[in-house]
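# Quick one, structure for this:
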Amino acid sequence: MQLRYVPVLAERGSIYSEDGNLLSTSVPVYDVYVDFGAEGLREKGGYRFKDTVQILSDSLSWLFGDRAPETYKHDMEQAYQQNVRYYLLKRKVSFDQYKRLRNFPLVRINKNKSGFIFVARDKRINPYVLLANRTIGLSRKDSSKNVGLERSYDSLLRGINGQKLMRYSAGTFLPVPGAEVDPINGKDIITTLDTYIQDVAETELMNKLVDNNSLHGTVIVMEVATGKIKAIANLGMDEKTGTFTENLNYGFGKATEPGSVFKLVTLLSLLDDKYVTTDTKVDCEGGSKYFHGLRIKDSHLGAGLITVKNAFYTSSNVAFAKLAYQYYQEQPNKWYQHLEKFRLTQLTGIDIVASSGMPTIKSPKNPAWGKTTIPYMAHGYEELVTPLHMLTLYNAVANNGKLMRPYLVSGVREYGKQIRSIEPEVLVEKIVHDSAIFQAKACLRAVVDSAHGTGHAYLFDSAYSISGKTGTAVSAENNKGYRNGKKTYQSSFIGYFPSDKPVYSMAVVIQNKPESKQYYGAVVAGTVFKKISDKIYNRFIHQPISGEKVKKDTSVSEYVGWKQDFKSIFQTISVTHNDKDQTNGYWGAANVKQKEANLTSVNHLNVSQAAVVPELKGLGLKDALYLLEEKGLVAMVNGKGKVVTQSIPAGSNYTKGQKIILMLN
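Residues are numbered from 1 along each chain as shown. Okay, here's the model as predicted:
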């Protein structure tokens, strides 16, 4: 009865982007209880409680703002009279609130005399809120219910709890020296995600979903050479609110009929088996043909005898259904072997448990295999695959036939030190022979570059070339069938850029409503692809023309900050500086041109005005936070660099604890 072990919780590791930004971390929160039966609280008629209950109630109401002081006082007095031993005062108290609460009357004395009990626990937060939220995942008390990376890497993130032995003495439990087992904190996970690419992908996807009145969509960006996932955006409409949230991992975990983007599978198979070349002629029969009583038609009727390359970039359903039927109808196993080699019959291998993403690819042994299976599979129906399956194949073409395992985590850190690196993994060294890859690349490029390509009108106008394939798959609403129910369309564009030396591949897949404005793959998904690829190209790929003479920098740069910091920096980088006001204050402005600097004092920062907001423009974040904390203001920060705007104008009056938003640029 006098001894007990108390767990010491390990700190859960954090999740970072590859460019160093924090994507998920733990912050402490506290549940606050009061033991109204504590000996010290009830001694001498409970004078400690009775003397402080009013001011304590006022303080609690001010801190939490959820109840009036009279309500706090009434509830606590009632609990005191009933001698409640574990009265819940407040849940989910933040660390800042906890620090303030510990200084309140009654609370600041020891636990036995005050009765206050604080139960600490971790709260998982995502600083970027929506950014890759479904992929990063959720961390719950029951880790088996976690999703995303929080589940896949739970064993590394959660660490190992410790324990300490406590002995009851002098009315309270005290730790027994030397009887502690320290916790082992969780390790940090470094993802392959890039926050810039992720932000661009989510922004452009959101804009299109809203503008087109679509249902849901996904964007996946992959690094061609490695298989690293640089961005994964998943947005679906919440029917109750009409807003878009990350409600499902559509990119990794939802298999659908892919439509015309699957024609690359048919093309690669035919080229690899050398049944055709891109110059082989095929008769589209006016864009309509029956296969065992079922009609397959092109969206653009009228085509006759054309080349395989032309059939691909104009996306002829009839052409690819005929070719697949001609060469694989009597040898279906040969067709199926290609699908197996392209890794379309199994999971992608992505390191995320929550998105099972199991494809449905019929084999010739399947009882559902029929006479029309091959011609329908050849142009993107009678199979279910995830966007990631298709992107992995397109990425392999961009990578000269080498199929990489897609992955989301590149490393593990412990106390800031890299303890494990996850390297790229080749799943298939060569999916088809080199000649087939060369010809397939020419077809994918023609989709955009050719004047009659399905992607030309929306993706051609760029400073770099894009290769890919459009897709517009018909699906049925509420499983009513294609003919009886309302038709809906899935719009896709999957490809890579720049065409000559591919760096990134990307899949954009959007599910529309019957009421959506547009539904063709190029105009819906293709435009999203181009807006994202333009931004990625300009930031990461485009290099200025070399050989140009660098002009002398005649611009003047101005900074505001702690004068001694400026002097230290200028001395380190050999910049001549002149302090015009050596004895006048600690804050200054630096006027820098080439390698000369002039320092002048900034009087409005040197003069202390307790109730006035300072002018922060031009300050770095460290100095701005120092000034605001000195005045009791709480800063909310967006961006990087120097302060350019502040939400409360300089010279304004304020109250301590008031929030001020700083924009940095």
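# Residue 506 contacts residue 469, doesn't it?
No: with contact defined as Cβ atoms under 8 Å, residue 506 does not count as touching residue 469 (11.9 Å). C-beta coordinates here come from the backbone N, C-alpha and C atoms, glycine included.
# got any residues that touch both of those two?
Residues touching both residue 506 and residue 469 (Cβ atoms under 8 Å, 6 or more residues apart in numbering): 494, 495.
# hey, which strand is longest across the chain?
In the chain, taking DSSP state E as the definition, the longest strand is strand 22-34.
# what's the very next helix or strand once past that one packed up against?
Helices and strands here follow DSSP states H and E; after strand 22-34, the next one along the chain is helix 39-42. Using 3 or more Cβ pairs under 8 Å, 6 or more residues apart in numbering; DSSP states H and E, the elements in contact with helix 39-42 are helix 47-64, helix 111-114.
# what pLDDT, on average, does helix 39-42 get?
If you average the pLDDT over helix 39-42, you get 88.
# outside of it, which residues touch it?
By Cβ under 8 Å, 6+ apart, the residues outside helix 39-42 that reach it are 35, 36, 48, 49, 109, 110, 112, 113, 114, 115, 171.
# what helices or strands is the longest strand of the chain leaning on?
Packing partners of strand 22-34 (3+ Cβ pairs under 8 Å, 6+ apart): strand 15-16, strand 87-94, helix 95-101, strand 116-125.
# how many degrees apart are the longest one and strand 87-94 in direction?
Per axes from the mean of the first three to the mean of the last three Cα atoms, to 10 degrees, the angle that strand 116-125 makes with strand 87-94 is 40 degrees.
# which of the residues in strand 116-125 are buried?
116, 117, 122, 124 (16 or more other Cβ atoms under 10 Å).
# Could you identify the most distant pair in the residues you listed?
116 and 124 (25.8 Å; Cβ to Cβ).
# so after the helix-or-strand element of the chain with minimal mean pLDDT, what's the next helix or strand?
Across the helices and strands of the chain, mean confidence by mean pLDDT, DSSP states H and E is lowest for helix 603-606: a mean of 64. Using DSSP H and E, the helix or strand that directly follows helix 603-606 along the chain is helix 621-631.
# what comes up buried for that next one?
Within helix 621-631, the residues that count as buried by 16+ other Cβ under 10 Å are 621, 623, 624, 625, 627, 628, 631.
# ok, now stretch 90-106?
By 16+ other Cβ under 10 Å, the buried positions in stretch 90-106 come out as 90, 93, 97, 101, 104, 105, 106.
# so where's the chain shaky on pLDDT?
Counting by pLDDT under 70, the ranges of the chain that qualify are 1, 127-132, 138-145, 169-174, 353-356, 476-486, 544-554, 580-585, 603-610.
# if you set the cut-off to 50 instead, what comes out?
By pLDDT under 50, the low-scoring segments of the chain are 354, 483-484.
# ok, how many other residues are close to the closest residue to residue 436 other than its chain neighbours?
With Cβ to Cβ, 6 or more residues apart in numbering as the criterion, residue 436 has its nearest non-adjacent residue at 3.7 Å, and that residue is residue 271. The number of residues packed near residue 271 is 23, by other Cβ atoms under 10 Å.
# my read: residue 271 touches residue 265, true?
No: contact status for residue 271 versus residue 265: not in contact, 11.1 Å apart, counting by Cβ under 8 Å.
# Run through the strands of the stretch 301-450 of the chain in chain order.
For the stretch 301-450 of the chain, the strands defined by DSSP state E, counting those that start in this stretch cover 305-307, 360-361, 383-384, 403-404, 409-414, 417-421, 426-428.
# For residue 255, which of these is the nearest?
strand 383-384 (3.9 Å).
# For that closest one, enumerate the helices and strands it packs against.
Contact here means 3+ Cβ pairs under 8 Å, 6+ apart; on that basis strand 383-384 packs against strand 360-361.
# Distance to residue 224 for the buried residues of strand 116-125 - can I get that in TSV?
Below are these laid out as TSV (distance: Cβ to Cβ, whole Å):
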residue	distance to residue 224
116	58
117	56
122	38
124	33
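# with those residues in mind, which one is nearest to residue 211?
So of the buried residues of strand 116-125, ranked by how close each gets to residue 211 (Cβ to Cβ), first place is residue 124, at 33.1 Å.
# Give the bridge partners for the closest one, please.
For residue 124, the beta-bridge partners are residue 26 (DSSP bridges).
# how's the chain carved up into domains?
29-121, 195-541, 556-664 (automatic domain parsing).
# Can you tell me which of those is nearest to residue 23?
Going by Cβ to Cβ, the one of the domains of the chain nearest residue 23 is domain 195-541, 7.8 Å.
# are any of the contacts of helix 39-42 buried, and which?
35, 36, 48, 49, 113, 114, 115.
# What about residue 210, how many residues nearby?
Look at residue 210: counted by other Cβ under 10 Å, it has 14 neighbours.
# and the gap between the nearest residue to it once chain neighbours are set aside and residue 59?
Closest residue to residue 210 apart from its sequence neighbours, by Cβ to Cβ, 6+ apart: residue 244 at 7.1 Å. Distance of residue 244 to residue 59, computed by Cβ to Cβ, to the nearest Å: 42 Å.
# Hmm, residue 641 is touching residue 665, no?
Yes: counting by Cβ under 8 Å, residue 665 is a contact partner of residue 641 at 5.3 Å.
# shared neighbours, these two?
Common contacts of residue 641 and residue 665 (Cβ under 8 Å, 6+ apart): none found.
# quick one on the thing from earlier: would you list the strands of the stretch 301-450 of the chain in CSV and tack on mean neighbour count?
Conversion of the strands of the stretch 301-450 of the chain to CSV gives the following (neighbours: other Cβ atoms under 10 Å):
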stretch, mean neighbour count
strand 305-307, 14
strand 360-361, 16
strand 383-384, 19
strand 403-404, 22
strand 409-414, 18
strand 417-421, 11
strand 426-428, 16
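# quick one, helices of the stretch 151-300 of the chain?
154-157, 195-212, 250-253, 263-272 (DSSP state H, counting those that start in this stretch).
# next one: the stretch 501-650 of the chain
521, 527-536, 563-572, 603-606, 621-631.
# Let's have the ones you listed in TSV, adding distance to residue 435.
What follows is the helices of the stretch 501-650 of the chain, written out as TSV (distance: least, Cβ to Cβ, whole Å):
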stretch	distance to residue 435
helix 521	28
helix 527-536	28
helix 563-572	58
helix 603-606	70
helix 621-631	56
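# Out of those, which gets nearest to residue 637?
Nearest of those (Cβ to Cβ): helix 621-631, 6.5 Å.
# Now do the closest one: distance to the chain's middle.
Offset of helix 621-631 from its chain centre (Cα atoms, centre = their mean, to the nearest Å): 30 Å.
# what comes into contact with it?
Contacts of helix 621-631 (Cβ under 8 Å, 6+ apart): 560-562, 587, 605, 610, 613-614, 616, 619, 634-635, 637, 643, 654, 656, 660, 662, 664.
# ok so, going back, just the buried ones among the contacts of helix 39-42 now: which is nearest residue 330?
Nearest to residue 330 among the buried ones among the contacts of helix 39-42, with distances taken as Cβ to Cβ, is residue 35, at 82.0 Å.
# ok, now how distant is the closest one from residue 115?
Look at residue 35 and residue 115: by Cβ to Cβ, they are 4 Å apart.
# now do residue 312
Counting by Cβ to Cβ, the gap from residue 312 to residue 115 is 77 Å.
# returning to what we had before: of the domains of the chain, which is nearest residue 7?
domain 29-121 (11.2 Å).
# Can you measure across the closest one, start residue to end residue?
The straight-line separation of the ends of domain 29-121 (Cα to Cα, to the nearest Å) is 6 Å.
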